[in-house]
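Student: Sequence first, predicted model second:
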Amino acid sequence: ALTVRFLTRRFIGEYGDMEFIYSHNLTVDGREILFHIWDVPNSQEQADEGSSEEKRIQWADSFVLVYSICDRASFNILPLKIQFIKAAKEGQSQEKVPIVIVGNKRDLHHQRVVSSEEGRLLALSLDCGFYEVS
C-alpha cells in the first residue's frame, strides 16, 4: 500500500499479496531519478525460498522494510531480514547498504503493539533509518 501511495498519491485500502516491480521518475533536488521498486509482500512461503530472496537482494541498491505497528510478528522478523541483507550486500563491498525501517499504520494508535521507541532503538542498533507513517 505504501508503494502505491508513493507512486499514485492515492490510498488503496485493499492490497493483495502480489509481487510487483514498478518504475517511477521523480525529481529530487533538481535531479531526475528513476526508481525501480520491487514490492514484495512478506509471507512464510517466501521466507522459505532463500534463493528468490537472495536474487531480490542482489537486484536492489537500497531497502525499505515495512512493519505494522499493530503486528508484533512483522516487527520481530526485521532483525533477521536486515542481517541477511547486510551479509549478502556488504559482504561483497565495503560500502554500507542503505536500509530504512518504516512503522506503518501510525493512525491506528489504539491498536499499537510496537512502540515508536522500539522502532527507533531497533533502527539505531542496526544502523538503519527509521520513520513511522500512516
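Tutor: Arrived safely, thanks for sending. Numbers count the residues shown, from 1 in each chain.
Student: Tell me how far residue 3 lies from residue 63.
Tutor: Taking C-beta to C-beta, to the nearest Å as the measure, residue 3 falls 13 Å from residue 63. (Each C-beta comes from the backbone N, C-alpha and C, glycine too.)
Student: same question, residue 4
Tutor: For residue 4, the distance to residue 63 - C-beta to C-beta - is 18 Å.
Student: Could you check which of those two has the larger neighbour count?
Tutor: residue 63 (19 against 15; other C-beta atoms under 10 Å).
Student: Surely that one touches residue 98?
Tutor: Yes. At 7.1 Å, residue 63 counts as touching residue 98 under the criterion of C-beta atoms under 8 Å.
Student: tell me which residues of stretch 110-125 are tucked away?
Tutor: 114, 119, 122, 123 (16 or more other C-beta atoms under 10 Å).
Student: now stretch 63-77
Tutor: So for stretch 63-77, counting by 16+ other C-beta under 10 Å, buried means 63, 64, 65, 66, 67, 68, 69, 70, 74, 75.
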